[in-house]
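> Just a sequence and a predicted model for now, questions to come.
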Amino acid sequence: MMNVADYSRIEKAIVFLDRNYQEQPSLDEVAKAAGLSPFHFQRLFRRWAGISPKRFLQFLTAEHARALLEQSRPLLEAAFEAGLSGTGRLHDLMVSIHAATPGEIKSRGEGMHIAYGTHATRFGECLVATTARGVCWLSFDEHEEALGELQKRWPKARLVATQSQTRALVERIFAADKPVDLHLRGTNFQIRVWEALLRIPVGHVTTYEEVAEQVCTARATRAVASAVGANPVSWVIPCHRVIRKTGALGGYRWGLPRKQAMLAWESAAAL
């Protein structure tokens, strides 16, 4: 697993590439933006993405986003029709959602124990939290801010810092080789949207409009966008795979560079 400093350098490179890809900057220029020598930057980037920085440029252009969108439409439709995603990786059917019961929602988490911890990942430091029923939170916010959001979601639950327990959980999540259970508090509509996101194949994207069509009606695009933005479990529920119908990436709760990094990393891994 990469450390936080590694991702910080990668993020600087992504921001630089996003702003300058039309000029096709050299390795030396990108390395300088990341604060590393060309040799060390090349090695770090390959270790992170599995591809060279030059190849990565292809994943940051509007043309690539549109190409992903064109590829995703028939695949997404087929996935929904079959009730499957077509891939056995973590973000698909290996994730089981257990929605909070009405009693749990009414009690606001009273009597619940939530174990949490902060850990380094390939996309920066995350805060992950889990109940006895499954993961209930994963974010890339600042620690105190994220902890506050978690407490708001389950205001009467007892939060316990348990690094050893959550470390193994984070490793399992980002290794993508074992099933993961989620324990989510949301409206019925939000749960349906989050389930729909899990069906988007790895390395592909879809639009808010297409998700809305699958969940209820295309007219519910704004409601879908709101539900996507309310996703409490980043990466596991892949809200980063939803973009605008123009092909633009749009915003992201945990920062656009991180969304770009996630999409590019998945695209490279799917090659």
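Happy to help now that I have it.
> where exactly do the strands run in the stretch 51-200 of the chain?
95-99, 113-121, 124-130, 135-139, 158-161, 180-184 (DSSP state E, counting those that start in this stretch).
> Would you mind putting those into CSV with distance to residue 224 alongside?
C-beta coordinates here come from the backbone N, C-alpha and C atoms, glycine included. As requested, these are exported to CSV (distance: least, Cβ to Cβ, whole Å):
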stretch, distance to residue 224
strand 95-99, 17
strand 113-121, 27
strand 124-130, 25
strand 135-139, 20
strand 158-161, 30
strand 180-184, 16
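> Now render the ones you listed as JSON lines, adding distance to residue 173 and mean pLDDT.
Formatted as JSON lines, the strands of the stretch 51-200 of the chain follow (distance: least, Cβ to Cβ, whole Å; pLDDT from 0 to 100):
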{"stretch": "strand 95-99", "distance to residue 173": "10", "mean pLDDT": "79"}
{"stretch": "strand 113-121", "distance to residue 173": "8", "mean pLDDT": "92"}
{"stretch": "strand 124-130", "distance to residue 173": "7", "mean pLDDT": "93"}
{"stretch": "strand 135-139", "distance to residue 173": "7", "mean pLDDT": "94"}
{"stretch": "strand 158-161", "distance to residue 173": "18", "mean pLDDT": "92"}
{"stretch": "strand 180-184", "distance to residue 173": "6", "mean pLDDT": "90"}
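> and of those strands, who's closest to residue 265?
Shortest distance between residue 265 and the strands of the stretch 51-200 of the chain, using Cβ to Cβ, is found for strand 113-121: 11.2 Å.
> Show me what the closest one is in contact with.
1-4, 7, 125-132, 136-137, 143, 147, 150, 154, 157-163, 165-167, 170, 174 (Cβ atoms under 8 Å, 6 or more residues apart in numbering).
> For the residue lying closest to residue 258 once chain neighbours are set aside, give me its contacts.
Using Cβ to Cβ, 6 or more residues apart in numbering and skipping the chain neighbours, the partner closest in space to residue 258 is residue 123 (5.6 Å). Contact partners of residue 123, counting by Cβ under 8 Å, 6+ apart, are 7, 140, 235, 258, 261, 262, 265.
> Just those: which are in helices?
Mapping those onto helices (DSSP state H) picks out 7, 258, 261, 262, 265.
> among the residues you listed, who's most crowded?
residue 261 (25 neighbours; other Cβ atoms under 10 Å).
> That one and residue 198, how far apart?
Here residue 261 is placed at a distance of 20 Å from residue 198 (Cβ to Cβ, to the nearest Å).
> next one: residue 24
Distance from residue 24 to residue 198, by Cβ to Cβ: 36 Å.
> and what of residue 51?
For residue 51 relative to residue 198 (Cβ to Cβ), the value is 26 Å.
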